[in-house]
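A.B. asks: Need a 3D model of the sequence below.
(chains A, B and C)
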Amino acid sequence: MKIRSISFIRILVFSLILLSFTSATYAQTPTPDTSAITADQVNEVARGLWCPLCSGVRLDACELKACEQMKDMIAIKLAEGASEVEIREYFAEQYGPQVYGQPPTEGFNWLAWILPVLGLVGGGLFVWYGIRRMIRPQSASDPSGAETTGAQTAAQADDYSQKLEQELSRYD
Amino acid sequence: MTEMTETQTGPLPDLPSETAPVSKAVVIWRAIFVLVPLIFVIFLAMRLGTAKTEHRAEGLAPPLEFTTFEGETINLDDLRGQGVMVNFWASWCDPCREEAAMLESTWRREQGNGIIFLGLDYLDQEPAAKAYLAEYDITYPNGPDLRSQVARRYGIQGVPETFFIDPEGKIVDVIVGPITSQAQMDGFLAKIRPK
Amino acid sequence: MLFNIGYLILVTALVLSGAGVVFGFAGGQLRNQRLVESSFHAVYAVAGLVGIAAIMLWYGLLSDQFQLTYVWNHSERALPNFYKFSALWGGQAGSLLFWSLLLSLYSVAVAVFNRRRHQVLMPYVNAVMLGTSLFFLILLVFAANPFKQSTFIPADGQGLNPLLQNYWMVIHPVMLYLGYVGLAVPFAFAVGALISKRVGNEWVRTVRRWTLIPWMFLSAGILMGSQWAYMELGWGGYWAWDPVENASFLPWLTGTAFLHSIIIQEQRGVMKVWNVVLIWLTYFLVILGTFTTRSGVLESVHSFALSDVGPLFLGFMILIVFGFLWLLFKRLYLLKDEQSIDSYSSREAAFLGNNWLFASITFATLWGTFFPMFSEILTGERISVAAPFFNKVNGPLFLLLFLLMGIGPLLGWRRTGMKALRQQFTWPLIAGVVMGVLAIFLTPNPWPSVGLAICAFATATIVQEFVRGVIARRMTNNENVFVAMGSLMRRNGRRYGGYIVHLGMVMIAVAIIGNEFFQQTTNVTLAPGAKVELGGYELTYVGLENNRASNRTEIGARMIVHDSNGKMVGSLLPLRNLYDKTPDMPTSEVGLRMTLTEDVYVLLNGWENGGSTVTLTIFINPLTAWMWIGGLVLILGTLIASWPHPVKRTTNIPVGAAVAAAGD
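C.D. replies: A predicted model of the protein is given here:
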């Protein structure tokens, strides 16, 4: 079913680079000499970038003409001595944070990272409390084996889990 | 949604019969169960809605401001009273090339007639874009659409895509794909020409 | 004319399935035998009608009836018959028809097998299955008619999407759909059990098998999709965490969680509510996945023609969510736990931990998949959530999950004493630590070392279980090793089949670690005779080869591979296919030399002057073959686990029973 997402892109007016090499040698703008930059160096950087026109296609694997141009740009930037981080920032400025392939850790996008952790910790606490309440008093045993992870997460209790705890006590 | 589903791993309160009063905690959990999917579905519906109506033909043109490759700042609001054609393009876009020469020749003809052409370069690299402009000798104002902000506001579906905005600032026509003939082009321009 | 009848058949099937829903629910409620009979008849009739409709569309495809818009859009005269046949599921309307076909076949199978066994449940099961059919028929009749005709007969079709013209793409959707569609069956049983208030253990046993089979197909479908991505997309990987892939992965996660937690319900009578919730979630995620891949909600910038199915899907999802919740709340009082959990060091606790992790992974994946949508609606900024996010978030969770997979089988039901713990854990722990130490020498990166250590630990657990089982049987029955193995599988298939599935999962994990952390790659441009070296291999470019097929030209770069000893080990031909109908969408087929230790993987990027130079991307992918071997092992294990077995089980097991049974 992967197919559909890809075909979407290609049905578009967007044109795909053809099999021949595009002779993208425009004479107008003076660009630094990129002959010393190898394709492997470019791909090293491209592996950390995502094609802004596609969904979930890594730049080094993208064959759209637009991606080829981005790779040419990487070569130019590398020839100018830019670092990988600088190049990534340059593209983010041009195309927006979508080139990172992950939500940037700022503003609203923090939620993307925090919520899974909250879900994990909250769920873990819940399971832990659930088991603890189920265990009969006479068989109180040491938490071991599978449950060490649950115990660890309990130690990181935060606001959220306190609320959860209150809820749980009412639940009784 | 983990919270919502995890709730059930714990033991359930004893409910002797169907009609027994439900405790407050259970009511809260039920509310979470209902609300989380509800919010999710509302978001999906919103997305489905915007995806459909994103294309705002026949509406007031969204704000448009950009800096041209020459460094000049252009704002759509300043162009009221003139008919404006906004063309989204990119140097990697082959169909864009089909209309490029015609756009430029029309621009040269209409320049003094109260009509303004604007070109927005979509997801492109400056060297390649400048080469493209030079290749077709394009003289009307063109600039990069940084972070695709304008493209998103206008909800374009791809490039090329052309918007015709009348002197009152209303979008009169939206053309997805290249404009194929001079006659077609003149037809659109007639609708936005100031009277 | 014929195809107008096809449309009428779909309309008839729609009416009949609507009637069948009513018959089923009413018959069950009123205990009216005639109505119940009618619901069975409706199931058979709908299957027959949808079957005829599918055959008609197949006929249309195979005989080039281009007046059908669907055929015109997804086929062409020169298309090989094999792909004409598979074009049935190559487009929106056809794949919805195919989906309905599989669904109605499942309905028939369920009706036939359970007619006697679950007399009280079956009317409701029929009703729910037919309700799902009804929804898909509504889509077919009102939003995506596969028999839509144009007023004239075009000379030739547009051709099938080139990416679909691949062996794996023919079989992968079939497997995936068989998995997807089949997951409606457990949902139907859950709804039936809740409505009829028969929430005891009988339906649970039936449902377990009806979940295992779709789960197996879904697993196979996902793996085949990965195989296709690996062979065709040419980036050296197999899984990109894109929304469409995630859509198939989400129900797999909840389905897997359910297959584990249902065991505790069977054995200990706990987690009843959670289990129905899991079934419901799985079904919901199936529908959600189908919706997201077809409505363009997640790729709206890319979607040219937003199809009309979106709002209908939304309505159906609302029905599933709120209808089920209403039913669940009404029946909550019936779903009381019979027993409780005695100890943290029990198998029950391990299963709970398993479900906690699966739920967390599901949530993280769901959240990540839909986050761009939330973000764009709320902030207006487009972001993409791809592999870096999912690897960071889900990677550690999967590590924990595999750790638990190793621990779980070592714990007995109810409680495991210290002595048993020591006895059980010694060898697996040693194996894990040894592997971890060895791996540290291999790479400074801690993640793969930890991963491999956990894999070794889990493998040792499984081996230990088998060894103990065999020893026990040899002692009691005096069997030789192979006979003992066989009888373990036969008499205790659920348990040992499950272990085999675990073994398959470990193999897949090893492949992922190898590909993710030890991949080498280079991009080169070569003239004929030129060589490139990578990872101990030497690849020589010989020349370009052309081959003309019925609807495409294949262009390949002949590569000779030598190993580090200078011995020739293979000749590869990475291909580019240029399709006549879509010359600007060349597909690629990598050249691959697969061995158990590593794959040599060559992608043809392009060429100049008929082959005077070619550009290639070469990957060395260690251990990747184990992903496909693991997939086969997984299927084998699932078959063993779902095979009917003679052993009767009790619900009340004495403390430490599992350990005792393993024979210490």
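A.B. asks: contact partners of the helix or strand containing residue C:315?
C.D. replies: Residue C:315 belongs to helix C:309-331 when assigned by DSSP states H and E. For helix C:309-331, the external contacting residues (C-beta atoms under 8 Å, 6 or more residues apart in numbering or on different chains) are B:18, B:30, B:33-34, B:37-38, B:41, B:44-45, B:48, C:92, C:96, C:135, C:138-139, C:142-144, C:191, C:194-195, C:197, C:199, C:273, C:276-277, C:280, C:283-284, C:287-288, C:290-291, C:294-297. For the C-beta atoms, the positions are set from N, CA and C on the backbone; glycine is no exception.
A.B. asks: Name the residues of the following helix or strand past that helix that are buried.
C.D. replies: If you walk from helix C:309-331 toward the C-terminus, the next helix or strand you reach (DSSP H and E) is helix C:347-379. In terms of neighbour count (16 or more other C-beta atoms under 10 Å in any protein chain shown), helix C:347-379 has its buried residues at C:347-376.
A.B. asks: So is the helix or strand just after helix C:347-379 next to chain A?
C.D. replies: Following helix C:347-379 in sequence order, the next helix or strand is helix C:387-407 (DSSP H and E). Yes - interface with chain A: helix C:387-407 contributes C:387, C:388, C:389, C:392, C:393, C:397, C:400, C:404, C:407 (C-beta under 8 Å from any C-beta of the partner chain).
A.B. asks: Mind checking which of those are buried?
C.D. replies: C:387, C:388, C:389, C:393, C:397, C:400, C:404, C:407.
A.B. asks: residues contacting the third one?
C.D. replies: Contact partners of residue C:389, counting by C-beta under 8 Å, 6+ apart, are A:101, A:102, A:103, A:112, C:241, C:368.
A.B. asks: okay, now the fourth one: neighbour count?
C.D. replies: Using other C-beta atoms under 10 Å in any protein chain shown, the number of residues around residue A:112 comes to 23.
A.B. asks: Tell me what angle the helix or strand encompassing it forms with helix C:387-407.
C.D. replies: Taking DSSP H and E as the definition, residue A:112 sits inside helix A:110-134. For helix A:110-134 against helix C:387-407, the angle by axes from the mean of the first three to the mean of the last three C-alpha atoms, to 10 degrees is 20 degrees.
A.B. asks: buried sites along helix A:110-134?
C.D. replies: A:111-113, A:115-116, A:118-131, A:134.
A.B. asks: which among these are in contact with chain B?
C.D. replies: Filtered for proximity to chain B (C-beta under 8 Å from any C-beta), the buried residues of helix A:110-134 shrink to A:119, A:120, A:122, A:123, A:126, A:127, A:129, A:130, A:134.
A.B. asks: Now for those residues: which two are most distant?
C.D. replies: A:119 and A:134 (22.2 Å; C-beta to C-beta).
A.B. asks: Backbone torsions only: list them for the residue nearest the centre of chain B.
C.D. replies: Centroid check for chain B by C-alpha atoms, centre = their mean gives residue B:155 as the closest residue, at 1.8 Å. For residue B:155, the backbone dihedrals are phi 60, psi 50 (criterion: degrees, to the nearest 10).
A.B. asks: ok, then the element right after the strand or helix carrying residue C:203?
C.D. replies: Take DSSP H and E as the rule and residue C:203 turns out to sit in helix C:202-232. As assigned by DSSP H and E, the chain's next helix or strand after helix C:202-232 is helix C:243-268.
A.B. asks: same for that following helix, what does it pack against?
C.D. replies: The contact analysis (3 or more C-beta pairs under 8 Å, 6 or more residues apart in numbering or on different chains; DSSP states H and E) places helix C:243-268 against helix A:2-11, helix C:167-182, helix C:202-232, helix C:272-295, helix C:347-379.
A.B. asks: ranking those helices by mean pLDDT, which is last?
C.D. replies: Lowest mean pLDDT within these: helix A:2-11, at a mean of 35.
A.B. asks: domain ranges for chain A?
C.D. replies: A:13-100, A:108-171 (automatic domain parsing).
A.B. asks: Lowest mean pLDDT across these, which one is that?
C.D. replies: domain A:108-171 (a mean of 62).
A.B. asks: Surely residue C:458 and residue C:405 touch.
C.D. replies: Yes - Residue C:458 is within contact range of residue C:405, at 5.1 Å (criterion: C-beta atoms under 8 Å).
A.B. asks: Quick check: neighbours shared by the two?
C.D. replies: C:502, C:506.
A.B. asks: Could you point out the longest helix of chain B?
C.D. replies: helix B:24-53 (DSSP state H).
A.B. asks: on that earlier part again, which pair of the buried ones among the residues of helix C:387-407 next to chain A spans the longest distance?
C.D. replies: Taking C-beta to C-beta, no two of these sit farther apart than C:388 and C:407, at 29.5 Å.
A.B. asks: hang on, the earlier thing: ok, is the longest helix of chain B in contact with chain C or not?
C.D. replies: Yes - contact of helix B:24-53 with chain C (C-beta under 8 Å from any C-beta) involves B:30, B:33-34, B:37-38, B:40-41, B:43-48, B:50-52.
A.B. asks: Show me which of those residues are buried.
C.D. replies: Looks like these have B:30, B:33, B:34, B:37, B:40, B:41, B:43, B:44, B:45, B:47, B:48, B:51 buried, using 16+ other C-beta under 10 Å.
A.B. asks: ok so, going back, just send the helices and strands packed on helix C:243-268 back as a markdown table, with distance to chain B too.
C.D. replies: A markdown table is the format used below for the helices and strands packed on helix C:243-268 (distance: least, C-beta to the nearest C-beta, whole Å):
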| stretch | distance to chain B |
| --- | --- |
| helix A:2-11 | 9 |
| helix C:167-182 | 19 |
| helix C:202-232 | 16 |
| helix C:272-295 | 4 |
| helix C:347-379 | 4 |
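A.B. asks: As TSV, those helices with distance to residue C:452 would be great.
C.D. replies: Putting the helices and strands packed on helix C:243-268 into TSV (distance: least, C-beta to C-beta, whole Å) gives the following:
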stretch	distance to residue C:452
helix A:2-11	28
helix C:167-182	29
helix C:202-232	21
helix C:272-295	31
helix C:347-379	20
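A.B. asks: Of all these, which one is nearest residue C:155?
C.D. replies: Across the helices and strands packed on helix C:243-268, closest to residue C:155 is helix A:2-11 (C-beta to C-beta), at 22.1 Å.
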